[in-house]
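[1] any chance you can model this:
(2 chains)
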Amino acid sequence: MFDPKTRILVVDDMMTMRKLVMKNCKDLGFSDFTEAANGALAWEAIAAANPPFGLIISDWNMPNTSGLDLLKRVRSDSRFGKLPFIMVTAETDKAQIIQAIQSGVTDYVVKPFTAEALRDKIQSAYNKTAGKKAA
Amino acid sequence: MTSMDPGFFKPFVEGTIKVLKVQCKVDVILGKPFLKGETPQPNFQIAGVIGLTSDTFTGTLTLSFEESSFLEIMGNMLGEKFETLTPDLQDGAGELLNMIFGHAKRVHNDLGNNIRMALPTVFVGSNLGTRTVGGEKVMVIPFKTDRGEFHIEINQK
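    So this is what the prediction gives:
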């Protein structure tokens, strides 16, 4: 599992969802969170972060810069090629999930979700990316 | 298929029950659906509205809460106790609506209706009411919690 000191960026235009994700992550032992209300602000935070984020948990459906736009931007930068990126979405259309996978998402969580489901996805993201900090 | 057909509104009902159960740990009691205007509605304080746009129809989905039921639902979801409807909490109505919409969208799109992605808008005030301007019928589906009521309304044309 990720080190509890891992810096986590939580991206969602809805404050209540950011709070929910952070609450579930706190219950897993994490404590270092940064919040962003849209994809553009999230990118600014990612690019400036020092030390870097170890995990991004982002909503998909946001105004202006969507979670998918953010994912593509992150993956287009070689520094963040393997940065664990979990997409949270109310969408389960196969085409959209395929689009996210093709764009480099590490894993995705479908809303509504339980704390256990999010924990399993975080564990899965760790298993897929452990030790791979860059492309 | 119109909003009056069970096959149309059932995915929204299923989505509402599922979202409240899974995300908020709240069991809700489904009431008897009725047409808007047939029965006086409670005094709602917060509502979310999202557009329904597809290849074959347009409409809206509205989720309206009594303040007490909304505070209970948010409290259960976030593991805190809330006494008042703060600005921080208000977007929760939009998020719940977004999840209900997502469930119903998947079911309808599996049937070929191709409902498109949309973003919810939240309204807050005393005695909130909604009305349609085209005279179309609006299906109201009431739900009860331990601390009050909430409704979903579906209109489609």
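[2] hmm, the helix or strand harbouring B:Ile46 touching chain A?
    Using DSSP states H and E, the element containing B:Ile46 is strand B:44-53. No - Strand B:44-53 does not reach chain A (C-beta under 8 Å from any C-beta of the partner chain); its nearest approach is 10.7 Å. Just so you know, the C-beta spots here come from the backbone N, C-alpha and C atoms, and that holds for glycine as well.
[3] note down every partner strand of that strand and its orientation.
    Strand B:44-53 has the following strand partners under DSSP bridges: strand B:58-65 (antiparallel), strand B:121-128 (antiparallel).
[4] can you tell me the residue of chain A closest to chain B?
    Closest to chain B within chain A is A:Ala90: 2.8 Å, counting by C-beta to the nearest C-beta.
[5] point to the residue nearest the middle of the chain.
    I went with chain A, as the question did not name one. Centroid-nearest residue in chain A: A:Ile57, 2.1 Å away (criterion: C-alpha atoms, centre = their mean).
[6] the intended chain is chain B.
    Among the residues of chain B, the one closest to the centroid is B:Leu63, at 2.6 Å (C-alpha atoms, centre = their mean).
[7] bridging residues for that one?
    Beta-bridge partners, per DSSP bridges, of B:Leu63: B:Gly48, B:Ile152.
[8] right, and it touches B:Leu97 too?
    Yes - the pair formed by B:Leu63 and B:Leu97 meets the contact definition of C-beta atoms under 8 Å, at 4.4 Å.
[9] okay, and the common contacts of the two?
    Shared contacts of B:Leu63 and B:Leu97 (C-beta atoms under 8 Å, 6 or more residues apart in numbering or on different chains): B:48-49.
[10] list the contacts of the closest residue to A:Lys19 other than its chain neighbours.
    Distance criterion C-beta to C-beta, 6 or more residues apart in numbering or on different chains; nearest residue to A:Lys19, sequence neighbours excluded, is B:Leu78 at 5.5 Å. Contact analysis of B:Leu78 by C-beta under 8 Å, 6+ apart lists A:16, A:19-20, A:23.
[11] re earlier: tell me which element the residue nearest to the centre of chain A is part of?
    Counting by DSSP H and E, A:Ile57 is found in strand A:55-59.
[12] what are the boundaries of the strands in chain B?
    Remark: strands assigned in chain B by DSSP state E are B:29-30, B:34-35, B:44-53, B:58-65, B:121-128, B:138-145, B:148-156.
[13] near chain A, which residues of chain B?
    Contact residues, chain B versus chain A (C-beta under 8 Å from any C-beta): B:18-19, B:22-23, B:74, B:77-79, B:88-89, B:91-92, B:94-95, B:98-99, B:101-103, B:105-106, B:109, B:117, B:119.
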